[in-house]
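**Q** Sequence plus the predicted model coming up.
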2 protein chains.
Amino acid sequence: MTITITAFERSPDGGKGLARDTRVRWALEEVGQPYEVRLVSFGAMKEPAHLALHPFGQIPTYEEGDLGLFETGAIVFHIAEHHAGLLPDDANARARAITWIFAALSTVEPPILELMTATIFEGDKPWTAQRMPLVLDRVRDRLGQLSARLGDADWLDGAFSTGDLMMVSVLLRLRASGLLDEYPNLSAYVARGEARPAYKRAFDAQLAVNKPPAG
Amino acid sequence: MTITITAFERSPDGGKGLARDTRVRWALEEVGQPYEVRLVSFGAMKEPAHLALHPFGQIPTYEEGDLGLFETGAIVFHIAEHHAGLLPDDANARARAITWIFAALSTVEPPILELMTATIFEGDKPWTAQRMPLVLDRVRDRLGQLSARLGDADWLDGAFSTGDLMMVSVLLRLRASGLLDEYPNLSAYVARGEARPAYKRAFDAQLAVNKPPAG
């Protein structure tokens, strides 16, 4: 059955790969599943047809036959559960890999989203300069803990898994801030993720949609 | 094998059931699994022994034989995956129930956490009064979308599932704010969750730990 995902018609990041469809593309590339992409405008994302598929009016979504899913974490997990290559066979190792998906999305990403909100949506507010050190420190708390756990390992728990896919994707959102540079092992970890051929294919595919016109 | 979870020695909410161990207790009660609880002080949470189990120094954790897990979402999913009662049998319905776990944790909870941070940790900051309307509006955006999707259904997708367990748990954090009252169907949804015998057992168990001394 054909897999169809949705992505921004025009990504707010202009093709830096930070929109969440890149995470789904990466998972599909890791497991070697072809997919089609339906591009959605910001207007269409809030229309009934898209809201029927995604109640929060976002991308990505995932359709395969009768199945319609939303939420990047759920989609990536679904792909990992149904195709070999993103979850270990051993039951305990599998549970730990799933733990890292949730850790990326529920523990590491929220302070990063707060930083993005403070920078992008509250960047012009009178309080932002004074408040920013607090926001940055919350991100650093998480990065310090993650850095300590990773140590000098290549991946978070043995071989590369969907947990790493999600954590690298979350950390990539910090590149512009320079915060990653404070944690050399995390920078190297993210670079290892980006070096994976499947990531490169996913990145190039989203860039092809968002590339600014030559001129 | 004995299941052991960790919980706050003294919960910051004084036993209102908002600490995340309540979510794990609830899942275990729904599937009828007995469990033991190891209480952890704020100091011990940042010590090497606990950090080995939970790299971000939080509760809850989950231990069963050789398996050690952290992250509430991963723990609750693990319980749902290994015991009947929290996930539908039908493959597509199961995938959708998992989607709601992620939606609760990745889409609905982050703005609620921002509200808690603004109220608790930034409550005394000079910018908070001016900033608060923005923070509240982000929560309302999500609640409005969730309310529209739920409509007059009892649960988010057919029968009660672990997705509802997580969404109700996330929404409970809003009770003190009064925001839930603006969405009668969400208030009723949360009340349905709280009325489940398994929730009540979980709530009472955490309260027994945190009950203020009589006097």
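**A** On my side now, so go ahead.
**Q** Every contact and neighbour count from this point should use C-alpha atoms.
**A** Will do.
**Q** what about A:K200, how many residues close to it?
**A** A:K200 has 14 neighbours, counted by other C-alpha atoms under 10 Å in any protein chain shown.
**Q** so which helix or strand takes in it?
**A** Secondary structure from DSSP states H and E places A:K200 in helix A:197-210.
**Q** can you check A:L156 too?
**A** Assigned by DSSP H and E, A:L156 belongs to no helix or strand.
**Q** Let me know how buried the spatially closest residue to it that is not a sequence neighbour is, in neighbour terms.
**A** Sequence neighbours aside, A:L150 is the residue nearest to A:L156 in space, at 5.7 Å (criterion: C-alpha to C-alpha, 6 or more residues apart in numbering or on different chains). A:L150 is flanked by 17 other residues according to other C-alpha under 10 Å.
**Q** A:D141 too?
**A** A:D141 sits with 14 neighbouring residues when counted by other C-alpha under 10 Å.
**Q** Also A:F8?
**A** Using other C-alpha under 10 Å, A:F8 has 22 neighbouring residues.
**Q** if I pick it, what's in contact with it?
**A** Taking C-alpha atoms under 8 Å, 6 or more residues apart in numbering or on different chains, we find A:F8 in contact with A:19, A:39-42, A:59.
**Q** same deal with A:A198?
**A** A:26-27, A:29-30.
**Q** who wins for neighbours among these?
**A** Busiest of these [other C-alpha under 10 Å] is A:A27, holding 28 neighbours.
**Q** Return the residues of chain A in contact with chain B.
**A** Selection of chain A residues close to chain B by C-alpha under 8 Å from any C-alpha of the partner chain yields A:55-56, A:66-71, A:73-75, A:78, A:92, A:95-96, A:98-99, A:102-103, A:105-106, A:110, A:114, A:127, A:142, A:145-146, A:148-149.
**Q** which residue is nearest the middle of chain A?
**A** A:S169 (3.9 Å; C-alpha atoms, centre = their mean).
**Q** ok, so what distance separates the closest residue to A:R201 other than its chain neighbours from chain B?
**A** Counting by C-alpha to C-alpha, 6+ apart, A:R201 lies nearest to A:E29, which is 7.1 Å off, once chain neighbours are set aside. Counting by C-alpha to the nearest C-alpha, to the nearest Å, the gap from A:E29 to chain B is 21 Å.
**Q** Just the angle for whatever helix or strand A:E29 lives in relative to helix A:197-210, thanks.
**A** Secondary structure assigned from DSSP H and E places A:E29 in helix A:21-30. With axes from the mean of the first three to the mean of the last three C-alpha atoms, to 10 degrees applied, the angle from helix A:21-30 to helix A:197-210 works out at 140 degrees.
**Q** Which elements pack onto helix A:21-30?
**A** strand A:3-8, helix A:72-82, helix A:162-172, helix A:197-210 (3 or more C-alpha pairs under 8 Å, 6 or more residues apart in numbering or on different chains; DSSP states H and E).
**Q** Using JSON lines, lay out those together with mean pLDDT.
**A** Converted to JSON lines, those look like this (pLDDT from 0 to 100):
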{"stretch": "strand A:3-8", "mean pLDDT": "98"}
{"stretch": "helix A:72-82", "mean pLDDT": "98"}
{"stretch": "helix A:162-172", "mean pLDDT": "98"}
{"stretch": "helix A:197-210", "mean pLDDT": "96"}
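**Q** Show me which of the residues of chain A next to chain B are buried.
**A** Using 16 or more other C-alpha atoms under 10 Å in any protein chain shown as the burial test, the residues of chain A next to chain B include A:55-56, A:68-71, A:73-75, A:78, A:95-96, A:98-99, A:102-103, A:105-106, A:110, A:114, A:127, A:142, A:145-146, A:148-149 as buried.
**Q** returning to that earlier point: buried set for the helix holding A:K200?
**A** For helix A:197-210, by 16+ other C-alpha under 10 Å, it's A:198-199, A:201-207, A:209-210.
**Q** Check which helices and strands the longest helix anywhere in chain A sits against.
**A** When chain A is parsed with DSSP state H, its longest helix is helix A:128-150. If contacts are counted by 3+ C-alpha pairs under 8 Å, 6+ apart, helix A:128-150 sits against helix A:109-116, helix A:184-194.
**Q** ok, now with 10 Å
**A** Counting contacts by 3 or more C-alpha pairs under 10 Å, 6 or more residues apart in numbering or on different chains; DSSP states H and E, helix A:128-150 packs against helix A:109-116, helix A:184-194, helix B:48-53.
**Q** Single out the most deeply packed of these.
**A** Highest mean neighbour count among the helices and strands packed on helix A:128-150 (mean count of other C-alpha atoms under 10 Å in any protein chain shown): helix A:109-116, with a mean of 21.
**Q** Can I get that helix in CSV, CA atoms only?
**A** Taking C-alpha atoms only, helix A:109-116 is exported to CSV below (Å, rounded to 0.1, in the frame of the first residue of the first chain):
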residue,chain,number,x,y,z
GLU,A,109,12.3,19.0,23.1
PRO,A,110,10.0,21.1,25.4
PRO,A,111,12.7,23.5,26.7
ILE,A,112,14.0,23.7,23.1
LEU,A,113,10.5,24.6,21.9
GLU,A,114,10.4,27.2,24.7
LEU,A,115,13.6,28.7,23.3
MET,A,116,12.2,28.7,19.8
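**Q** Okay then, goodbye and thanks.
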